[in-house]
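Q: Next one to model:
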Amino acid sequence: MSIDAATYARLREIADQLPRIPGIGQVEIANGEIVMMMSPVRRHELAVMRISRQLNEQLEATHPGFVAHAGADLEDVGLGRLRRPDLMVFPEAILEEDSAAVYPADVLLAVEIVSKSNPENDYDDKVRDYAAMGIPLYLIVDPRDGTGIVHSQPRYSRRESFVFGDTVAVGPWRIDTGGLLTYGK
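A: This next block holds a predicted model:
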């Protein structure tokens, strides 16, 4: 569902002015609503770090000048979406710009580590949104059960499932998932 530009602009203004509430990790805009996300747990952040490290080691050879970076907003004004992937691959030079967000045309890969509290967001909503944004690759890592999926274009019609312990192809990169941990029970 896309929203009109004026509604999105209003939502973006509100999202930018929200106070930083303890325990709230990030703010997204989707489906015409502001969505406040909880701060991730340690194993979630460990997965982000380990995947980021592996990607950054390979990017110099495959995509010089690109970086696997956590902590950036992803914005598609035309779709009325503001997302904050756990990790994205994009040109490092974008971080030198003064804009508030990274734009989908610059992103090669979005990565989401599935949360305990809202897994359908990563499996349904973000699959739809990232495909609509034209992001070529979307990696879902699910520490709830030690599985994942690599989605690839066109429009994520190709899906490759894996289990923790596999070395998985994500476009031109290889991710060893053997160091990823499931959430504690």
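Q: Tell me the bridge partners for Y138.
A: With DSSP bridges applied, Y138 shows beta-bridge pairing to A110, H151.
Q: can you give me phi and psi for Y183?
A: Phi and psi for Y183, reported as degrees, to the nearest 10, are phi -70, psi 150.
Q: Quick check: A105 touching P136?
A: No - the pair A105 and P136 does not pass the contact test of CB atoms under 8 Å, sitting 10.7 Å apart. Bear in mind the C-beta positions are built from the backbone N, C-alpha and C, glycine included.
Q: quick one: low-confidence ranges for the protein?
A: Under the criterion of pLDDT under 70, the regions of the chain flagged as low confidence span 1-2, 18-25, 29, 37-41, 185.
Q: Now with 80, please.
A: Under the criterion of pLDDT under 80, the regions of the chain flagged as low confidence span 1-2, 11, 13-29, 31-41, 117, 185.
Q: Send me the lengthiest helix in it as CSV with only the CA atoms.
A: The helix spanning the most residues in the chain, taking DSSP state H as the definition, is helix 42-62. Provided in CSV are the C-alpha atoms of helix 42-62 (Å, rounded to 0.1, in the frame of the first residue of the first chain):
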residue,chain,number,x,y,z
ARG,A,42,22.4,-9.2,22.2
ARG,A,43,22.3,-12.3,19.9
HIS,A,44,20.5,-10.2,17.3
GLU,A,45,23.3,-7.6,17.4
LEU,A,46,25.9,-10.4,17.3
ALA,A,47,24.4,-11.8,14.1
VAL,A,48,24.5,-8.3,12.5
MET,A,49,28.1,-7.9,13.5
ARG,A,50,29.2,-11.3,12.3
ILE,A,51,27.4,-11.0,8.9
SER,A,52,28.7,-7.4,8.5
ARG,A,53,32.3,-8.5,9.1
GLN,A,54,32.0,-11.3,6.5
LEU,A,55,30.5,-9.0,3.9
ASN,A,56,33.0,-6.2,4.5
GLU,A,57,35.9,-8.7,4.0
GLN,A,58,34.5,-9.7,0.6
LEU,A,59,33.3,-6.3,-0.7
GLU,A,60,36.8,-5.0,-1.5
ALA,A,61,37.1,-7.7,-4.1
THR,A,62,33.5,-7.7,-5.5
